[in-house]
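Engineer: here's a sequence, model it:
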Amino acid sequence: GLAQLYQLRGRIGRSKQRGYCYLTLPPNQTLTVAAARRLEVMQTLDNLGAGFSLASHDLDIRGAGNLLGEEQSGHVKEVGIELYQQMLQETVATLQADPDSTGDSAEEGAEWSPQITLGTPVLIPEAYIADLGVRMGLYRRLAAIKAEEEIDGFAAEMIDRFGALPPEVENLLRIVEIKALCRRTGVERVDAGPKGATLSFRQDRFANPAGLVEFIGANVGTAKLRPDHKLVYQRDWFEPQARITGLRHMLKKIAEIAAAAPIAAQ
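Structural biologist: Purely as a prediction, here's the structure:
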């Protein structure tokens with residue numbers, strides 16, 4: 001287990017005496033996927049107070065329940081413990097900020113940003129851009145992007161300045177594109193995992209309800225509207241890239257439906 005490996009490493013070396021720990025395998029035996037992940041985590045946990053991070057990674061590898069499904073038990077592979085913690089933190093922060101909020105018309109014209117949770121790394125790594133000030137500046141520019149057309153230009157500029165985009169940055173750019181699609185369709189929150197996605201509409205409204213019902217009817221067994229007005233889209237998106245690609249395709253379809261709303265409904 002990861003915790004046991006971490007404890008063993010902690011016994012190697014004391015005070016000024018430096019020690020080394022060698023982990024060996026029997027001949028002709030290969031590492032399992034879980035074992036490889038544990039060793040990767042071990043390489044990153046080299047700072048004091050890393051115990052909480054260790055516990056989170058250990059829980060993520062071993063499993064801790066189906067957090068998005070109806071069952072009370074299952075596997076954390078549905079979303080991952082880090083994604084669950086992020087979702088929980090956002091919900092608690094929202095309730096603490098305005099526990100009696102009803103989403104009235106006073107907030108209709110306020111600036112809002114969709115919340116996207118995909119359970120995949122989305123950041124500008126320090127190894128790609130070492131200067132913190134430059135990274136923060138790029139984050140601010142990304143936050144200001146509203147149109148999908150601006151994303152390709154931003155990506156081309158980054159490639160020209162810093163080289164080929166690492167996967168984390170590519171994911172980040174696709175998230176920005178997904179946010180732009182969410183604004184067009186009035187989707188306030190997206191939670192996606194290996195089994196599909198759940199969409200929450202802003203103030204439980206959609207510009208073209210009849211079109212949405214038709215979409216659900218055409219995708220019986222895949223799409224459904226829950227009693228809490230959340231749209232559930234069930235797909236097998238085990239790989240992060242498939243999740244992002246599938247979500248973009250779905251949101252573009254939802255955006256087309258919203259744009260086709262009758263004038264009276266708008």
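
Engineer: what pLDDT does Leu54 get?
Structural biologist: Note for Leu54: predicted pLDDT of 68.

Engineer: what stretches of the stretch 101-250 of the chain score poorly on pLDDT?
Structural biologist: Scanning the stretch 101-250 of the chain for pLDDT under 70 picks out 101-111.

Engineer: gap between stretch 126-142 and the chain center?
Structural biologist: 20 Å (CA atoms, centre = their mean, to the nearest Å).

Engineer: please enumerate the helices of the stretch 151-266 of the chain.
Structural biologist: 167-185, 209-218, 240-259 (DSSP state H, counting those that start in this stretch).

Engineer: who does Asp191 bridge with?
Structural biologist: Thr117, Thr198 (DSSP bridges).

Engineer: tell me how far it lies from Ala261.
Structural biologist: 25 Å (CB to CB, to the nearest Å). Where you see a C-beta, it was placed from the backbone N, CA and C, and this is true even at glycine.

Engineer: neighbour-wise, which of the two wins?
Structural biologist: Asp191 (20 against 16; other CB atoms under 10 Å).

Engineer: would you mind measuring from that one to Ala242?
Structural biologist: 16 Å.

Engineer: make JSON lines from the helices of the stretch 151-266 of the chain and add mean neighbour count and distance to Ala143 to it.
Structural biologist: Below are those laid out as JSON lines (neighbours: other CB atoms under 10 Å; distance: least, CB to CB, whole Å):
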{"stretch": "helix 167-185", "mean neighbour count": "20", "distance to Ala143": "8"}
{"stretch": "helix 209-218", "mean neighbour count": "14", "distance to Ala143": "29"}
{"stretch": "helix 240-259", "mean neighbour count": "18", "distance to Ala143": "19"}
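
Engineer: save the ones you listed as CSV, and put in distance to Asn28 too.
Structural biologist: Below are those laid out as CSV (distance: least, CB to CB, whole Å):
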stretch, distance to Asn28
helix 167-185, 32
helix 209-218, 53
helix 240-259, 32
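
Engineer: can you tell which of those is closest to Leu2?
Structural biologist: helix 240-259 (21.8 Å; CB to CB).

Engineer: send me that closest one as CSV with only the CA atoms.
Structural biologist: Extracted in CSV, the C-alpha atoms of helix 240-259 (Å, rounded to 0.1, in the frame of the first residue of the first chain):
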residue,chain,number,x,y,z
PRO,A,240,-9.8,12.3,-20.0
GLN,A,241,-9.4,13.2,-23.7
ALA,A,242,-12.5,11.3,-24.6
ARG,A,243,-14.4,13.1,-21.8
ILE,A,244,-13.4,16.5,-23.1
THR,A,245,-14.1,15.6,-26.7
GLY,A,246,-17.5,14.1,-25.9
LEU,A,247,-18.5,17.0,-23.7
ARG,A,248,-17.6,19.5,-26.4
HIS,A,249,-19.6,17.6,-28.9
MET,A,250,-22.6,17.4,-26.6
LEU,A,251,-22.5,21.1,-25.6
LYS,A,252,-22.3,22.2,-29.3
LYS,A,253,-25.5,20.2,-29.9
ILE,A,254,-27.2,21.8,-26.9
ALA,A,255,-26.1,25.2,-28.1
GLU,A,256,-27.7,24.5,-31.5
ILE,A,257,-30.9,23.6,-29.8
ALA,A,258,-30.8,26.7,-27.6
ALA,A,259,-30.2,28.9,-30.7
